[in-house]
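Enquirer: this is a predicted model, with the sequence first.
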Amino acid sequence: MGNNDNQLDDFFGYKPEDSDRIHKETVKDTLRRRVSLRDRIRLLPKVLSFRERYLIFLLLLIMGLSVLSIPVTAFYHYTQAIPAQGGSFTEGILGEPRLINPLLAQTNDADRDLTVLIYSGLLKYNEEGKLIPDLAKSYEIGSDGLSYTVYLREDARWHDGMKVTADDVVFTIEAAQNEDYGSPQRVSWQGVELEKVNEATVRFRLKARYAQFLNNLTMGIMPQHIWQDVRSNAFSLSELNLKPIGSGPFKFNKFKKDKLGTIISYELKANENYHLGQPNLETIEIKFFNSEDEIIEAYNKNEIDNLGFVSARNLDRLKFKGRVNIREIKLPRYFGVFYNQGESKVLADKNIRLALAHATNREEIVKQLLNDHGVVVNSPMIPGILDLNPLVKQYNYDQDLAKRILETSGWGKPDSNGTLTKGKDKLAIKITTSTFPELTEVAALLRNQWKQVGVEITIEALPISQLQQTIKERTYQALLFGEILNIDPDPFSLWHSSQTRDPGLNLALYENQTVDIILEEARQTLNFLERAKRYDDFQKLVIEDIPALFMYSPNYLYVQTKDIHGFDTKIISMPADRFANVETWYINTSRELK
């Protein structure tokens, strides 16, 4: 108190010797009562210790924040966050756009991705893989199962402001059916008659029932007034394939090229007149890369937000994982080895194919290659897609059994390289696949596994253009490749005997008269449960004949920035369908009363 007393003496102008006239403490008490509130506040720092001053400041701060928090707390209590306009993202994908055209975008992921963003079909898939109206307002199926009447939305507009009409639908389908336009979609529309009922109604008529016909209506519709003057021989050469006009949620804005003229990025803007509601996002930039390695490098350098695709084997190479969501989406595709028995005497022997099935450790492939981001497949039908019997016949991994089967089939002791022989013949097979790293790694795993039972494997990895030609000509012994089914699959083109030659996709050149009948009947069966039963019979027969080695179905891994909300997709029919509900994605938010 001594020091504080001296400070008070100086402050009030008194000295110690004045104590002879009046008692010092009495004077101080009197003056304290007379000083103003302002002077008292000014005096506090001099009479309080540091600890006391700190505690008082802290108390005042808490009181202030408590008062301020009342309206803030009330605001968040009585309101909720909702999507708001604005925001953008940049996504890296493989490939380069060439034909952003619903009738031509079939073999290029970049084309398909942009087509889904820019064009709309009559129907589309929702996040559960169910078909819902898009350009169509509704549709009716005739009692005979042969006619489909589609009623168009009245508010659908092209990006240039023109109205979408039945004429656009008729033009698009007739172009797809016309061989001169060279559309891969032609096979889906053969035998379909189309009629314009009025400006907002079209009717399709089939020659035979086709249970999966509604899937066809997801194909993008093109504007007649833009394309009608483009001749069929110039259809794939038109500049409109790179500067498209559609009716989808996003519209073309601009693209960038490098010094060599290669397109390196596309910028899309939200379609403010989109018939399903203006998208929340303002812009999307798509950047194109030649390899998955380049995409990963761009992400690690913070040049892109999303990775349109990443393989399970490369997930660990991603930096900053805390800023992204790894979306694991079911995709109805599988990978297997398709045996061309006409090109290989060895593979024509069912016992050899049986031994190879038992010599394959599928679980090891899924674990080592996919890090368990996928499932083992034992059938030409993907598990979980249709309500089929999951307890199908399986050829379990058993190397000893595989060796006994080969020995029983006359294959003797191995030669100096460990390869089994029968007379002058060696148990040797050539596997043809693409140069895609995942498939070359699978081929290497198969070579190692089959070597253990005495099979010599040669791997032929081809660039995609050369591989496509090999597939077209069916000049392979064993093809390691993938097949994509639909969410409501029709395996007709993959396994019917009429599809053994190009453009059919029966890669195993499989012929079974009973299977043919089942597939023909199934695609005409509109009742879902009855159709599933037929497909169950189909898969049992194929599994028994072993025309191919079914191995695994990888999940589709989509790396998306955590800034994006509203993505709920669980299953897609093809990778581009990850954008099927892009108009509901959002980054910015606002608040409204609950």
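Expert: Everything's here; your move.
Enquirer: show me where the stretch 351-500 of the chain has its helices.
Expert: Counting by DSSP state H, counting those that start in this stretch, the stretch 351-500 of the chain has helices at residues 362-370, 399-408, 437-451, 464-473, 492-495.
Enquirer: now the helix or strand following the last one: mean pLDDT?
Expert: Toward the C-terminus, helix 492-495 is succeeded by helix 513-522 as the next helix or strand (DSSP states H and E). Per-residue pLDDT over helix 513-522 has a mean of 97.
Enquirer: the helices in the stretch 201-350 of the chain, which residues?
Expert: 213-216, 224-227, 292-300, 350-358.
Enquirer: can I get these in TSV with distance to Gln399?
Expert: C-betas here are computed from N, CA, C, even on glycine. As requested, the helices of the stretch 201-350 of the chain are arranged in TSV below (distance: least, C-beta to C-beta, whole Å):
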stretch	distance to Gln399
helix 213-216	42
helix 224-227	58
helix 292-300	33
helix 350-358	7
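Enquirer: hey, which of the ones you listed is tucked in deepest?
Expert: When these are scored by mean count of other C-beta atoms under 10 Å, the highest mean neighbour count falls to helix 350-358 (a mean of 21).
Enquirer: what's in contact with that helix?
Expert: Residues from elsewhere that reach helix 350-358, judged by C-beta atoms under 8 Å, 6 or more residues apart in numbering: 337, 339, 346-347, 395-399, 401-403, 405-406, 408-409, 427, 450, 453, 455, 545-547, 549.
Enquirer: re earlier: and the helices of the stretch 351-500 of the chain, which is most packed in?
Expert: helix 492-495 comes out most buried of the helices of the stretch 351-500 of the chain by mean count of other C-beta under 10 Å, with a mean of 22.
Enquirer: please save the CA atoms from that one in CSV.
Expert: Extracted C-alpha coordinates of helix 492-495, given in CSV (Å, rounded to 0.1, in the frame of the first residue of the first chain):
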residue,chain,number,x,y,z
PHE,A,492,-27.7,-59.4,-75.5
SER,A,493,-24.9,-57.6,-77.4
LEU,A,494,-22.3,-59.2,-75.1
TRP,A,495,-23.3,-62.8,-75.2
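Enquirer: coming back round to it: tell me which of the helices of the stretch 201-350 of the chain sits nearest to Glu199.
Expert: Relative to Glu199, the nearest member of those by C-beta to C-beta is helix 224-227, separated by 12.3 Å.
Enquirer: where does pLDDT dip in the chain?
Expert: 1-48, 74-77, 387, 390 (pLDDT under 70).
Enquirer: ok, longest helix in it?
Expert: helix 50-78 (DSSP state H).
Enquirer: tell me which strands and helices that one is in contact with?
Expert: Helices and strands touching helix 50-78, by 3 or more C-beta pairs under 8 Å, 6 or more residues apart in numbering; DSSP states H and E, are strand 589-593.
Enquirer: parallel or antiparallel, list what pairs with the strand it packs on.
Expert: Strand pairing for strand 589-593, using DSSP bridges, gives strand 79-83 (antiparallel).
Enquirer: list the buried residues for the partner strand?
Expert: Under the neighbour-count criterion of 16 or more other C-beta atoms under 10 Å, strand 79-83 has Pro83 buried.
Enquirer: and what of stretch 333-351?
Expert: In stretch 333-351, residues buried by neighbour count (16+ other C-beta under 10 Å) are 333-341, 343-344, 346-347, 349.
Enquirer: could these be laid out in TSV, adding distance to Gly92?
Expert: Below are the buried residues of stretch 333-351 laid out as TSV (distance: C-beta to C-beta, whole Å):
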residue	distance to Gly92
Arg333	22
Tyr334	26
Phe335	24
Gly336	29
Val337	31
Phe338	32
Tyr339	37
Asn340	36
Gln341	42
Glu343	39
Ser344	40
Val346	43
Leu347	40
Asp349	46
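Enquirer: closest one of these to Gln185?
Expert: Arg333 (19.2 Å).
Enquirer: and that closest one, bridged to which residues?
Expert: Ile484.
Enquirer: output the contacting helices and strands for the helix or strand harbouring Lys196.
Expert: Taking DSSP H and E as the criterion, Lys196 maps to strand 192-198. Counting contacts by 3+ C-beta pairs under 8 Å, 6+ apart, strand 192-198 is packed against helix 166-177, strand 201-206.
Enquirer: looking at the ones you listed, which is buried most?
Expert: Sorting the helices and strands packed on strand 192-198 by mean neighbours (by mean count of other C-beta under 10 Å), the first place falls to helix 166-177, with a mean of 21.
Enquirer: now the angle from that helix to strand 201-206?
Expert: On the basis of axes from the mean of the first three to the mean of the last three C-alpha atoms, to 10 degrees, helix 166-177 is oriented at 30 degrees to strand 201-206.
Enquirer: how about the closest residue to Gly412 other than its chain neighbours, what does it touch?
Expert: Nearest non-adjacent residue to Gly412, counting by C-beta to C-beta, 6 or more residues apart in numbering: Thr421, 5.7 Å away. Residues in contact with Thr421 (C-beta under 8 Å, 6+ apart) are Trp411, Gly412, Lys413, Pro414, Asp415, Leu427.
Enquirer: could you give me the ChimeraX selection string for whichever of those residues are buried?
Expert: Here is the ChimeraX command that picks out the buried ones among the contacts of Thr421, judged by 16+ other C-beta under 10 Å:
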select :411,414,427
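Enquirer: okay, the contacts of Thr421 in CSV with distance to Ser497 next?
Expert: Converted to CSV, those look like this (distance: C-beta to C-beta, whole Å):
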residue, distance to Ser497
Trp411, 30
Gly412, 36
Lys413, 39
Pro414, 37
Asp415, 38
Leu427, 28
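Enquirer: tell me the one of the contacts of Thr421 nearest Tyr181?
Expert: Closest to Tyr181, out of all of the contacts of Thr421 and judged by C-beta to C-beta, is Leu427, at 47.8 Å.
Enquirer: might one say that the closest one is in contact with Leu406?
Expert: Yes. With contact defined as C-beta atoms under 8 Å, Leu427 reaches Leu406; the gap is 7.2 Å.
Enquirer: tell me, what's touching these two both at once?
Expert: Common neighbours of Leu427 and Leu406 (criterion: C-beta under 8 Å, 6+ apart): Ile352, Leu420, Gly454.
Enquirer: tell me how many other residues crowd the second one.
Expert: Right, Leu420. Around Leu420 there are 23 other residues, counting by other C-beta atoms under 10 Å.
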